[in-house]
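Chemist: Provided below are the primary sequence and the corresponding predicted coordinates.
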Amino acid sequence: MQIEGKVFIVTGGASGLGEGAARMLAANGGKLVVADMQAEKGAAVAQEIGGVFVKCDVSQEADGQAAVAAALQLGKLVGLVNCAGIAPAEKTVGRNGAHALAVFSKTVTVNLIGSFNMIRLAAEAMCKNEPESTGERGVLISTASVAAYDGQMGQAAYSASKGGVVGMTLPIARDLARNGIRNMTIAPGIFGTPMLFGMPQEVQDALAASVPFPSRLGTPADYAKLAKHIIENDMLNGEVIRLDGAIRLPPK
């Protein structure tokens, strides 16, 4: 799958991993729809890279449809990179009592249902593409987390949502194989994103030091490099790739 001249949707494209992926795709000649809830930041990123911004709550069908419609206006939609997500922290039973059910529900709704919503809508559009020389009609990349495998204290909701993304990777790939559409997932480790930068500096430094090698925070550019390779390597399908410097998260 070639990036140049093709259309891609990046959810969560206003910041963090999504912004990194969007900038990489644009730099390689892709046409971008930046889909995000952050209207001002998303519009600014889209303008900088020559893309289109769509305000999008990925868990809402109409918003997802609007993002796909905007992409189809630009040309041949061949790629979706799902980076939209939230990461609340709350223990199953904490000082204030039981984990708020609404927080758990919202986390699963945004991270898991939102990812699937965008996948199903983008894939539907891709099914109508003329296949590339490889037989491909599209490629889908979602973002899980190492928390799907070794979630820490306070991460029940987040880990459940990301575990769901991991769990649906292979069956979606199998569903879409006959259509020539690949489905992959990236599971990042400790990355320098707006969510992490909200933590105290000493916490950030400790997290970076805990990565075996390289002992640093991952960057949006690291994520984007892997996303680029997945798009271009048509044998990558139905798999989850940990991008984590060999870290395994401790309980807390």
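Modeler: In hand now; what should we look at?

Chemist: do you know how far the residue nearest to I181 when sequence neighbours are not counted is from M1?
Modeler: Of all residues not flanking I181 in the chain, G138 sits nearest, at 4.5 Å (CB to CB, 6 or more residues apart in numbering). Bear in mind the C-beta positions are built from the backbone N, C-alpha and C, glycine included. Per CB to CB, to the nearest Å, G138 is found 8 Å from M1.

Chemist: before we move on, what about I141?
Modeler: Distance, I141 to M1, using CB to CB: 11 Å.

Chemist: so what's in contact with these two at the same time?
Modeler: 79, 231 (CB atoms under 8 Å, 6 or more residues apart in numbering).

Chemist: between those two, which is the more surrounded one?
Modeler: I141 (25 against 18; other CB atoms under 10 Å).

Chemist: spell out the secondary structure type for that one.
Modeler: Here I141 is recorded as strand under DSSP: H, G, I helix; E, B strand; the rest coil.

Chemist: going forward, count from 419.
Modeler: All right, first residue 419 from here; so that's I559.

Chemist: quick check: beta-bridge partners of it?
Modeler: Under the criterion DSSP bridges, I559 forms beta bridges with V499, M602.

Chemist: how about stretch 419-438: buried residues?
Modeler: Using 16 or more other CB atoms under 10 Å as the test for burial, stretch 419-438 gives 419, 421, 424-438.

Chemist: what about A432, helix or strand, and which?
Modeler: Under the criterion DSSP states H and E, no helix or strand holds A432.

Chemist: do R666 as well
Modeler: R666 belongs to no helix or strand, assigned by DSSP H and E.

Chemist: find me the pLDDT at it, would you?
Modeler: Turning to R666, the model gives it a pLDDT of 94.

Chemist: for the residue nearest to F534 when sequence neighbours are not counted, give me phi and psi.
Modeler: The shortest distance from F534 to any non-neighbouring residue, by CB to CB, 6+ apart, is to M586 (6.6 Å). Phi and psi for M586, reported as degrees, to the nearest 10, are phi -90, psi 0.

Chemist: rewinding a little: so for G556 and M419, which residues contact both of them?
Modeler: 496-497.

Chemist: picking that back up, wait, the residue nearest to I599 sits on E542?
Modeler: No: assessed by CB atoms under 8 Å, G556 is found out of contact with E542, at 10.3 Å.

Chemist: the more surrounded of those two?
Modeler: G556 (27 against 13).

Chemist: list the contacts of the more buried one.
Modeler: 419, 495-498, 540-541, 544, 547, 598-600.

Chemist: now do the phi/psi pair for the spatially closest residue to G447 that is not a sequence neighbour.
Modeler: The shortest distance from G447 to any non-neighbouring residue, by CB to CB, 6+ apart, is to E422 (3.3 Å). Backbone torsions for E422, taken as degrees, to the nearest 10, come to phi -60, psi 130.

Chemist: now the helix or strand containing F522: buried residues?
Modeler: Using DSSP H and E, F522 sits in helix 519-526. Neighbour counts over helix 519-526 (16+ other CB under 10 Å) mark 522, 524-526 as buried.

Chemist: possible to save the residues you listed as TSV with distance to A516?
Modeler: Shown next, in TSV, are the buried residues of helix 519-526 (distance: CB to CB, whole Å):
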residue	distance to A516
F522	10
K524	16
T525	15
V526	17
